[in-house]
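In: I'll drop the sequence and a predicted model, then ask my questions.
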Amino acid sequence: MSANDQSGGGAARQGQLKREGLIFEHGAPGRVGYSLPKLDVPEIDPVESWGADQVRDDIAGFPEVSEVEVVRHFTRISQHNFGVDTGMFPLGSCTMKYNPRVNESVARLPGFAAAHPYMPYSMMQGSLELMERLEQALAGVTGMDRVTLQPAAGAQGELTGIMLIAAYHAHRGEQRTKVLIPDSAHGTNPATASFCGLEPVEIPSNSRGTIDIEALAAEADENTAALMLTNPNTIGLFEDQMDEIARIIHDVGGQIYCDGANLNAILGKTRPGDIGIDVFHINLHKTFTTPHGGGGPGGGPVAVREHLAPFLPWPTVERDDSGMLCLDWQRPQSIGKIHTFQGNFAILVRAYAYIRALGPEGLRQVAEDAVLNANYLRVKLEGHYHLPYQQISLHEVIFSDRKQKKNGVTAMDICKRLMDYGYHPPTVYFPLVVPGALMLEPTETVSREELDVFIDAMIAIAGEAETDPDVVKGAPHSTFLRRLDEVGAARRPVLRWDPQAADTDGD
Amino acid sequence: MAEYPDSYRYTKDHEWVSFEGDVGTVGITDHAQNELGDVVYLELPEVGAQIKEGQPFGTIESVKAVSDLVAPVSGEITEVHTGLIDAPELVNDDPHAGAWMVRVRLDDAAVAETLWGADEYRKFLEETAEGD
């Protein structure tokens, strides 16, 4: 679409995508989505046979809809969605890359899809071998010794990691209470520390956007349980003083937890285990192309060095004397279970399929292309958007709205306008150390041509912010819904559907 | 630049305190609410809680971020503006008066002398303002 055409192809699209409403607003009383043949046996009254206390009352207010209404409703809702299958999704720190279809085929192989966690070991050797091999592959990629596959997502992986460190200190008879966390960290880091009953202590960044070593050294002491860092950090920069950071923390007896959110940038290039990190979590749904977002199942394996292995969640996959794979529950120092059974097993299958499809060289190329793409954006957009850190970045690059703010255009406005151009917005207002941050992560799964079109859109928006700021401030114009009242939704959330309110609403 | 009352004291964390005897009233500055954007939620301490200068005493959530409220003074909370919980927009609309957050019985009333006056705070804002 051209920069001046505010509605674009939107009008036709809006016609197709009319307001859908909830499933509760469809249908009519008594309508059903099935048809059964007439009874050919005598009908009985369940209350008479079993007593009223055994028979549930009808639940009022459930949707009464036909099959076609159900199918059309959910199909239409799916058309309102924007995902990695729809277009570029440069949501910084989230690594929203394309998920190859082969992963889905492999996960649906009946031996995996129909496996049951209570099958005897002899019947689940294939599934256990996949877990063994995935653990070895992830240990290889991260340079660590053992890996638990149980955690369901990144935040749970973080929690597992800090629980392991707490168990390690407790086992040594030490009561350490502080967790040092850089100010550029994901908000889940201090939340994890607090949840474990530890005190998060913020460490400032220096002017280069990396950890302030002097501040770290001043805060590290015998009370320090761990440093939680992210490397590459959330500014997309590599913490290049890892030797010194590791020495400071290990000298006081602390452990180093590294958030693996940004593993995509260093695949096959650097291994956390080689740069002093003791615990590292991995987001399979970011780095290893398992589905991401929507609250669906994720995967947050945690890799540790040998001295922390005894504390890993039980059971682990091991081989017995005969070489048969089995689950080992004889782990007295384990922190216990983190997830039911073996975590989100079908997600593990997808991640393993991806790793094997690419191999070591392919994984290395992932990192190279992801970094190349981010730097291509950096160079092409510098000059149009303020770039707070000038260094070569890794897999993501951070701009800010400083130039546009002079005309009253904020990072949020730029994001909304980007939707008119057909893109998912980047991450905004994060990390907190950059006011008005726009955090772009293109990933390796976007072509040069697509990047160029995206860059043109970003440059066009920067131009509009100068010449016609109201277009940007009023965006989006062409989407199915216009700008949503995010403030109202946060201050006064409506969490329940009310049929009366819906009737009088008229919309 | 917004009006910063001369009778208030200010901190680098963008909190203000107004003193009356051994009681300090605490809120966040106009600059702070402007940087945060629309405030949607607040978590404030209970009456009787001890707060310590430089340490978080609550949290403030805007559409952009969740931030700590950093205590500008040490002492015991004597009053909490619970009305803000239901009307967080007051922080944006009237940061220097209507959106006071807590009242504190000061451990040491002399703390007022160690905080910035309005002129010093304005100067700090100018120095840290984003250039080009």
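Out: Structure's in. What do you need?
In: which positions in stretch A:153-160 come out as buried?
Out: Neighbour-count burial for stretch A:153-160 flags A:153-160 (criterion: 16 or more other C-beta atoms under 10 Å in any protein chain shown). Where you see a C-beta, it was placed from the backbone N, CA and C, and this is true even at glycine.
In: for stretch A:389-402, list the C-alpha coordinates in PDB.
Out: Extracted C-alpha coordinates of stretch A:389-402, given in PDB (Å, rounded to 0.1, in the frame of the first residue of the first chain):
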ATOM      1  CA  TYR A 389      23.800   2.000  21.400                       C
ATOM      2  CA  GLN A 390      26.100   2.300  18.400                       C
ATOM      3  CA  GLN A 391      27.900  -1.000  18.600                       C
ATOM      4  CA  ILE A 392      27.400  -3.900  16.100                       C
ATOM      5  CA  SER A 393      24.400  -5.700  17.600                       C
ATOM      6  CA  LEU A 394      23.700  -9.400  17.800                       C
ATOM      7  CA  HIS A 395      20.300 -10.900  16.900                       C
ATOM      8  CA  GLU A 396      18.200  -7.800  17.800                       C
ATOM      9  CA  VAL A 397      18.600  -4.100  17.600                       C
ATOM     10  CA  ILE A 398      17.100  -1.300  19.700                       C
ATOM     11  CA  PHE A 399      16.000   2.000  18.400                       C
ATOM     12  CA  SER A 400      14.000   4.600  20.400                       C
ATOM     13  CA  ASP A 401      11.300   7.100  19.600                       C
ATOM     14  CA  ARG A 402      13.500  10.100  20.500                       C
END
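In: quickly check: that stretch near chain B or not.
Out: Yes - Stretch A:389-402 comes into contact with chain B (C-beta under 8 Å from any C-beta of the partner chain), by way of A:R402.
In: just the buried residues of stretch A:153-160: which are in helices?
Out: Among these, the members falling in helices (DSSP state H) are A:154-160.
In: what are the phi and psi values at the closest residue to chain B within the stretch 101-250 of chain A?
Out: When scored by C-beta to the nearest C-beta, the stretch 101-250 of chain A has A:G187 as its residue closest to chain B, at 6.6 Å. Backbone torsions for A:G187, taken as degrees, to the nearest 10, come to phi -60, psi -20.
In: just A:L432 next, same as before
Out: A:L432 has phi and psi values of phi -70, psi -20 when expressed as degrees, to the nearest 10.
In: once you drop chain neighbours, what's closest to it?
Out: Excluding the flanking residues, the one nearest A:L432 by C-beta to C-beta, 6 or more residues apart in numbering or on different chains is B:A65, at 5.6 Å.
In: adding distance to A:V302 and pLDDT, write the ones in helices among the buried residues of stretch A:153-160 out as TSV.
Out: Formatted as TSV, these follow (distance: C-beta to C-beta, whole Å; pLDDT from 0 to 100):
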residue	distance to A:V302	pLDDT
A:G154	10	92
A:A155	12	93
A:Q156	9	95
A:G157	5	97
A:E158	9	96
A:L159	9	97
A:T160	5	98
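In: so is stretch A:176-184 next to chain B?
Out: No - judged by C-beta under 8 Å from any C-beta, stretch A:176-184 stays clear of chain B, getting no closer than 11.2 Å.
In: hmm, back to that, residues near the residue of the stretch 101-250 of chain A closest to chain B, how many?
Out: A:G187: 14 surrounding residues under other C-beta atoms under 10 Å in any protein chain shown.
In: spit out the contact partners of the spatially closest residue to it that is not a sequence neighbour.
Out: Nearest residue to A:G187, sequence neighbours excluded (C-beta to C-beta, 6+ apart): B:V66, at 6.6 Å. Counting by C-beta atoms under 8 Å, 6 or more residues apart in numbering or on different chains, B:V66 touches A:187, B:59-60.
In: around chain B, pick out the residues from the stretch 401-507 of chain A.
Out: Within the stretch 401-507 of chain A, the positions near chain B by C-beta under 8 Å from any C-beta are A:402, A:412, A:428-430, A:432, A:435, A:486-487, A:490-491.
In: counting neighbours, which of the residues you listed comes out on top?
Out: A:Y429 (23 neighbours).
In: dump the residue contacts of the residue nearest to that residue when sequence neighbours are not counted.
Out: Closest residue to A:Y429 apart from its sequence neighbours, by C-beta to C-beta, 6+ apart: B:K64 at 4.0 Å. Each residue near B:K64 by C-beta under 8 Å, 6+ apart is listed here: A:428-429, B:36-37.
In: partner strands of the helix or strand of chain B with the lowest mean pLDDT, with direction?
Out: The helix or strand of chain B with the poorest confidence is strand B:66-70; it has a mean of 91 (mean pLDDT, DSSP states H and E). Strand B:66-70 pairs in its sheet with strand B:56-62 (antiparallel), by DSSP bridges.
In: just the CA trace of the strand it pairs with, in PDB.
Out: The C-alpha atoms that make up strand B:56-62 are tabulated as PDB, following Å, rounded to 0.1, in the frame of the first residue of the first chain:
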ATOM      1  CA  PRO B  56      11.400   0.100  47.300                       C
ATOM      2  CA  PHE B  57       8.200   0.700  49.300                       C
ATOM      3  CA  GLY B  58       5.700  -0.100  46.600                       C
ATOM      4  CA  THR B  59       5.200  -0.600  42.900                       C
ATOM      5  CA  ILE B  60       3.600   1.400  40.200                       C
ATOM      6  CA  GLU B  61       2.400  -0.100  36.900                       C
ATOM      7  CA  SER B  62       1.700   1.900  33.700                       C
END
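In: which outside residues touch it?
Out: Contacts of strand B:56-62 (C-beta under 8 Å, 6+ apart): A:490, B:28, B:36-45, B:49, B:51, B:66-71, B:77, B:91, B:101-102.
In: ok, of the residues you listed, which come out buried?
Out: Buried by 16+ other C-beta under 10 Å: A:490, B:28, B:36-40, B:42, B:44-45, B:51, B:66-67, B:69-71, B:77, B:91, B:101-102, out of the contacts of strand B:56-62.
In: what's the local residue count around A:Q342?
Out: 19.
In: pretty sure A:K473 sits against A:G408.
Out: Yes - with contact defined as C-beta atoms under 8 Å, A:K473 reaches A:G408; the gap is 6.6 Å.
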